[in-house]
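Novice: turn this into a structure:
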Amino acid sequence: MNRQECKGVLVVGEQKGGRVHPVTYELLSRGRSLADSLDARLACVLLGDGIDNLEEVIYWGADRVYHVKGKILDHFLPGPFTKALVKLIEEEKPEIVVAAATTTGRTVMPLVAARLKTGLTADCTELTIDPAEKILLQTRPAIGGNIMATIKTPASRPQMATVRPKSAKPAPRDPSRQGTIILMEYGEAVLISPERFIEFVKDPTQAVNIQDAEIVVAGGKGLKSAEGFKLVEELADLLGAGVGATRDVVELGWITYAHQIGLSGKTVSPKLYIAVGVSGKIQHLAGMQTSDVIVAINKDPEAQIFKVADFGIVGDAFEVVPEIIGALKQLQASA
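Specialist: Numbering: from 1, shown residues only. As a prediction, the model looks like this:
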């Protein structure tokens, strides 16, 4: 795509059941910042037939909303999604395209980039505009999370990146903002695909999705065994919380990867984050340090986790957590 023809920023939004997914508002905050730095327009595309409250996308930062309609787009299918996005991008020619590093974004954006013959930087934690070159600076963890690399796409267009969910908070909602909603239909001939949506199968290990949870209880290697990790699960169950884990815990097989928090896992930003037996390696901190309130329980007073904690309990998790569980059960019994 000719660099001189490309202008503006396009955010690839997501919807679930006809409702705009909250990750879209996080992306709009980042997109708004990039568009303002370039003095350009911010657009958002949403795929699916019946999507409610498209005006909200404008209130959260978009100047233009492309609603690509089609029953085949109601549920995520890589083929139709790729075809729709490629067609829109070729028609509208954005300079920058940003999507979330969700299952959808991680699957479809490499396909889109390959079709457009451009680059893609995955799992970014920061996006900025180079003040001199006016190109996108895409920062992401590299070498197992031990360094942060900044990547440029100097020649190809559009510049494309996926961003880790919960790595930034949405900007304030502004109902006075004005924008344009454009309905688009490409038809079956364009979106045709051998793929079909059959059913959604819920992950049985996640009673509460950690990325959506208002409370997350996470356990580290300090819990010593899979049996010890059950303390975290019990506390989370009492609090109606999501269960998180460090990379070490997942690699030891105490819980599945879906619960891993950190540079090589998920990023969470709950109202309350309780870290039990977590040492606080930088890779883990990067995935949870935007939490509103952090409570750490660790018997090592020098543990790194205490440097980001709002409240710290220096003590043996096998003594402290059962006391908390007992107190919560008493409260629930007397309620």
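Novice: C-alpha only now, for contacts and for neighbours.
Specialist: Fine.
Novice: shaky segments in the protein?
Specialist: Across the chain, the ranges flagged by pLDDT under 70 are 143-146, 203-207, 335.
Novice: domain ranges for it?
Specialist: Following automatic domain parsing, one finds the domains of the chain at 3-191, 215-334.
Novice: what's the span of the longest one, first residue to last?
Specialist: What that stands for is domain 3-191. In domain 3-191, first residue to last residue: 27 Å (C-alpha to C-alpha, to the nearest Å).
Novice: one more: the last one?
Specialist: This stretch, domain 215-334, spans 22 Å end to end (C-alpha to C-alpha).
Novice: one more: stretch 174-191?
Specialist: 35 Å.
Novice: and if you look at stretch 295-310?
Specialist: End-to-end for stretch 295-310, by C-alpha to C-alpha: 6 Å.
Novice: in it, what counts as buried?
Specialist: Within stretch 295-310, the residues that qualify as buried by neighbour count (16 or more other C-alpha atoms under 10 Å) are 295-300, 303, 305-306, 308-309.
Novice: and the two most separated of those residues?
Specialist: Distance extremes for these: the farthest pair is 299 and 308 at 16.0 Å, using C-alpha to C-alpha.
Novice: how about the domains of the chain, which one is nearest residue 197?
Specialist: When those are compared for distance to residue 197 using C-alpha to C-alpha, the nearest one is domain 3-191, at 6.7 Å.
Novice: can you pull out the helices in the stretch 51-200 of the chain?
Specialist: Taking DSSP state H, counting those that start in this stretch to define them, one finds helices in the stretch 51-200 of the chain at 54-59, 78-92, 103-116, 188-191.
Novice: tell me which of the ones you listed lies nearest to residue 134.
Specialist: Using C-alpha to C-alpha, those put helix 78-92 closest to residue 134, at 19.8 Å.
Novice: and the closest one, what does it pack against?
Specialist: Helices and strands touching helix 78-92, by 3 or more C-alpha pairs under 8 Å, 6 or more residues apart in numbering; DSSP states H and E, are helix 103-116, helix 188-191.
Novice: wait, what's in contact with the closest residue to residue 107 other than its chain neighbours?
Specialist: In space, and not counting its chain neighbours, residue 107 is closest to residue 78: 6.9 Å by C-alpha to C-alpha, 6 or more residues apart in numbering. Contacts for residue 78 (C-alpha atoms under 8 Å, 6 or more residues apart in numbering) come out as 104, 107-108.
Novice: from those residues, which would you call buried?
Specialist: Counted by 16+ other C-alpha under 10 Å, these give residue 108 as buried.
Novice: out of the contacts of residue 78, which is nearest to residue 271?
Specialist: Residue 271 lies nearest to residue 104 out of the contacts of residue 78, by C-alpha to C-alpha, at 25.5 Å.
Novice: how long is stretch 37-55 end to end?
Specialist: End-to-end span of stretch 37-55 (C-alpha to C-alpha): 24 Å.
Novice: typed the wrong thing, it's stretch 153-173
Specialist: 31 Å.
Novice: which parts of that stretch count as buried, going by neighbours?
Specialist: Under the neighbour-count criterion of 16+ other C-alpha under 10 Å, stretch 153-173 has 153, 157-171 buried.
Novice: hang on, the earlier thing: nearest to residue 209, out of the domains of the chain?
Specialist: Of all the domains of the chain, domain 215-334 comes closest under C-alpha to C-alpha, at 5.9 Å.
Novice: ok now that closest one, how far from the chain's centre?
Specialist: Mean C-alpha position of domain 215-334 versus that of the full chain (C-alpha atoms, centre = their mean, to the nearest Å) differs by 20 Å.
Novice: and what of stretch 157-173?
Specialist: The chain centre lies 8 Å from the centre of stretch 157-173; the measure is C-alpha atoms, centre = their mean.
Novice: same thing with stretch 108-123?
Specialist: With C-alpha atoms, centre = their mean, you get 18 Å for stretch 108-123.
Novice: could I get the CA-only coordinates of that stretch as PDB?
Specialist: C-alpha atoms of stretch 108-123 as PDB (Å, rounded to 0.1, in the frame of the first residue of the first chain):
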ATOM      1  CA  VAL A 108      -6.800 -12.800  12.500                       C
ATOM      2  CA  MET A 109      -4.200  -9.900  12.500                       C
ATOM      3  CA  PRO A 110      -1.300 -12.100  11.200                       C
ATOM      4  CA  LEU A 111      -3.600 -13.200   8.300                       C
ATOM      5  CA  VAL A 112      -4.600  -9.600   7.500                       C
ATOM      6  CA  ALA A 113      -0.900  -8.400   7.600                       C
ATOM      7  CA  ALA A 114       0.200 -11.300   5.300                       C
ATOM      8  CA  ARG A 115      -2.600 -10.400   2.800                       C
ATOM      9  CA  LEU A 116      -1.600  -6.700   2.900                       C
ATOM     10  CA  LYS A 117       2.100  -7.600   2.700                       C
ATOM     11  CA  THR A 118       3.000  -5.500   5.700                       C
ATOM     12  CA  GLY A 119       4.500  -6.000   9.100                       C
ATOM     13  CA  LEU A 120       2.800  -6.800  12.400                       C
ATOM     14  CA  THR A 121       4.100  -6.400  16.000                       C
ATOM     15  CA  ALA A 122       2.300  -8.600  18.400                       C
ATOM     16  CA  ASP A 123       1.500  -8.200  22.100                       C
END
